[in-house]
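**Q** need a structure here:
(2 chains)
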Protein chains: 2
Amino acid sequence: MNLKDKPPMNKKVIFKTFLPAVLLLLFTACSSSPSHTDEDKNNALQVIMNRKSVRDYQSRPVKETEIQTLLKAGMAAPSGRDIRPWEFVVVTDKKILEGMAGELPTARMLAKAPAAIIVCGDSIQSFYWYLDCAAATQNILLAAEALGLGGVWTASYPYEDRMTIVSKYIGLPEHILPLAVIPIGYPTGKQTPKDKFNEQKIHYNTW
Amino acid sequence: MNLKDKPPMNKKVIFKTFLPAVLLLLFTACSSSPSHTDEDKNNALQVIMNRKSVRDYQSRPVKETEIQTLLKAGMAAPSGRDIRPWEFVVVTDKKILEGMAGELPTARMLAKAPAAIIVCGDSIQSFYWYLDCAAATQNILLAAEALGLGGVWTASYPYEDRMTIVSKYIGLPEHILPLAVIPIGYPTGKQTPKDKFNEQKIHYNTW
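**A** The predicted structure is shown next:
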């Protein structure tokens, strides 16, 4: 080897050692960061698929800002003729939570929940308030999943007895009816999502 | 400059020109990819907030894989006692779409839509099938937004006349009832999301 050979050798060494490492780094960085559109797609769809009915909660209170986000999500739902007949009662009072837990047959977990959102509808404003409120309830459940919170749709409507119990605890006017009581809290991790896809439920053009 | 100076010069030149460019590229790649948790939160919540009723569509057909994703999202909804009383009819037949568009008072846009998903429920399996199907419908609308598609909830249930029209076009058995006809297509961009947040809809602990 003479001095004349050295420069090209150095260049080669640098490219041979440095370039593959850099390319590997770039590839790793880029492959974990798909285009904005793909991220949007995947994360929203993941939240939809990962939502599960969470019935066990940590005892720590839910952040007020997160409750606000859940309510915003609820109000972002569509409603027939854009009437928005929904009303939301946020319950953090332990007495009310435990009282309802003791009386509602499918909402025992309210006793352990730091909060609940009761989705109600104005039955005068809309005769199908319960459909708009169902969309709002689903939005809240998905937003909870997105925030690392958990909730579960415990039905009040269409059960007359449960509606009477809920109305009594939160003092609803006669025309405001409760659709669902959603206990909210940080999950303990006991519940996991189910794969409920069933091809037999799909029909093309006609039944 | 003599031959002896050349090798270190070459190294410097390479590092000075190549390294900054590589670092810039790496920085750009990494800064557009925040932590997984933050992305999850933001994108799912953005999709919930950005969902709008899309009534104008491009004429190009909806990808079959995207229709499948919408159906998977629909079936990921919660349902009372996990009965999953939903059924989905995917309509791409122009005759059926245009026929329904001509008869359904709030679904004229079906004539321009490349596809529709009709969310139906089994009224024997569940007496509140329409609530489970409402959650499934909302999941489909959100998944459409996530995929860059658009749709709108046009109500069949609880309107007897509309349910009869839909059932006739897609040949539903008597106990399978249509909740909503959702036209689906790539938006033209005419519709934008509304800010529907209203603090007066929020109550704390009691009404």
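**Q** Which residues are in contact with the closest residue in space to residue A:201 that isn't next to it in sequence?
**A** In this structure, residue A:201 finds its nearest non-sequential neighbour in residue B:87, 5.4 Å apart by C-beta to C-beta, 6 or more residues apart in numbering or on different chains. Bear in mind the C-beta positions are built from the backbone N, C-alpha and C, glycine included. Contacts for residue B:87 (C-beta atoms under 8 Å, 6 or more residues apart in numbering or on different chains) come out as A:201, A:203, B:119, B:120, B:121, B:122, B:176.
**Q** List the buried residues of the host helix or strand of residue B:87.
**A** Taking DSSP states H and E as the criterion, residue B:87 maps to strand B:86-91. For strand B:86-91, the neighbour count (16 or more other C-beta atoms under 10 Å in any protein chain shown) marks B:86, B:87, B:88, B:89, B:90, B:91 as buried.
**Q** can you check stretch A:57-72 too?
**A** A:57, A:62, A:66, A:67, A:69, A:70, A:71, A:72.
**Q** before we move on, the earlier item: Throw the buried residues of strand B:86-91 into TSV and include pLDDT, thanks.
**A** Output for the buried residues of strand B:86-91, formatted as TSV (pLDDT from 0 to 100):
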residue	pLDDT
B:86	98
B:87	98
B:88	99
B:89	98
B:90	98
B:91	98
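**Q** before we move on, which element is the spatially most central residue of chain A in?
**A** Chain A has residue A:142 as the residue nearest its centroid, 2.1 Å off, counting by C-alpha atoms, centre = their mean. Assigned by DSSP H and E, residue A:142 belongs to helix A:129-147.
**Q** quick one: that helix to chain centroid distance?
**A** Centre-to-centre, helix A:129-147 and its host chain are 8 Å apart (C-alpha atoms, centre = their mean, to the nearest Å).
**Q** Kindly format the C-alpha coordinates of that helix as CSV.
**A** The C-alpha trace of helix A:129-147 is given here as CSV (Å, rounded to 0.1, in the frame of the first residue of the first chain):
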residue,chain,number,x,y,z
TRP,A,129,-83.5,11.1,21.7
TYR,A,130,-82.2,7.7,22.8
LEU,A,131,-80.5,7.1,19.4
ASP,A,132,-78.7,10.4,19.5
CYS,A,133,-77.7,9.7,23.1
ALA,A,134,-76.5,6.2,22.1
ALA,A,135,-74.1,7.8,19.6
ALA,A,136,-72.9,10.2,22.2
THR,A,137,-72.4,7.4,24.7
GLN,A,138,-70.3,5.4,22.2
ASN,A,139,-68.2,8.6,21.6
ILE,A,140,-67.6,8.9,25.3
LEU,A,141,-66.6,5.2,25.6
LEU,A,142,-64.1,5.6,22.7
ALA,A,143,-62.7,8.9,24.0
ALA,A,144,-62.2,7.1,27.4
GLU,A,145,-60.2,4.3,25.6
ALA,A,146,-58.2,7.0,23.8
LEU,A,147,-57.3,8.7,27.1
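**Q** pLDDT (mean, whole number) over the helix or strand following it?
**A** Next helix or strand after helix A:129-147 toward the C-terminus (DSSP H and E): strand A:150-151. The average pLDDT for strand A:150-151 rounds to 98.
**Q** Beyond strand A:150-151, next helix or strand please.
**A** Taking DSSP H and E as the definition, the helix or strand right after strand A:150-151 is strand A:154-155.
**Q** what's the following helix or strand after that next one?
**A** For strand A:154-155, the following helix or strand on the C-terminal side (DSSP H and E) is helix A:160-170.
**Q** now for that next one, which elements pack on it?
**A** Where contact means 3 or more C-beta pairs under 8 Å, 6 or more residues apart in numbering or on different chains; DSSP states H and E, helix A:160-170 is packed against helix A:94-103, strand A:176-185.
**Q** In the last one, which residues are buried?
**A** Burial within strand A:176-185, assessed by neighbour count using 16+ other C-beta under 10 Å, is assigned to A:176, A:177, A:178, A:179, A:180, A:181, A:182, A:183, A:184, A:185.
**Q** Alpha carbons only: can I get it in CSV?
**A** Taking C-alpha atoms only, strand A:176-185 is exported to CSV below (Å, rounded to 0.1, in the frame of the first residue of the first chain):
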residue,chain,number,x,y,z
ILE,A,176,-85.2,14.2,30.9
LEU,A,177,-84.6,10.5,30.6
PRO,A,178,-81.4,8.6,31.4
LEU,A,179,-80.1,6.4,28.6
ALA,A,180,-76.9,5.1,30.2
VAL,A,181,-74.8,5.3,33.3
ILE,A,182,-71.1,5.1,32.4
PRO,A,183,-68.8,4.5,35.3
ILE,A,184,-65.4,6.0,34.5
GLY,A,185,-61.9,5.3,35.9
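**Q** Distance of the nearest residue in space to residue A:59 that is not next to it in sequence relative to residue B:156?
**A** The shortest distance from residue A:59 to any non-neighbouring residue, by C-beta to C-beta, 6+ apart, is to residue A:114 (6.7 Å). From residue A:114 across to residue B:156, the span is 39 Å (C-beta to C-beta, to the nearest Å).
**Q** neighbour-wise, which of those two wins?
**A** residue B:156 (26 against 17; other C-beta atoms under 10 Å in any protein chain shown).
**Q** need the contact list for the residue nearest to residue A:97 when sequence neighbours are not counted.
**A** Of all residues not flanking residue A:97 in the chain, residue A:110 sits nearest, at 4.9 Å (C-beta to C-beta, 6+ apart). Contact partners of residue A:110, counting by C-beta under 8 Å, 6+ apart, are A:97, A:98, A:100, A:101, A:104, A:116, A:154, A:181, A:183.
**Q** and if you look at residue A:205?
**A** Here residue A:205 is in contact with B:89, B:90, B:91, B:92, B:93, B:96, B:170 (C-beta under 8 Å, 6+ apart).
**Q** before we move on, what about residue A:182?
**A** Per C-beta under 8 Å, 6+ apart, neighbours of residue A:182: A:116, A:117, A:118, A:119, A:137, A:140, A:141, A:144, A:151, A:152, A:153, A:154.
**Q** Save the buried residues of strand A:176-185 as a markdown table, and put in pLDDT too.
**A** Below are the buried residues of strand A:176-185 laid out as a markdown table (pLDDT from 0 to 100):
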| residue | pLDDT |
| --- | --- |
| A:176 | 98 |
| A:177 | 98 |
| A:178 | 99 |
| A:179 | 98 |
| A:180 | 98 |
| A:181 | 98 |
| A:182 | 99 |
| A:183 | 98 |
| A:184 | 98 |
| A:185 | 98 |
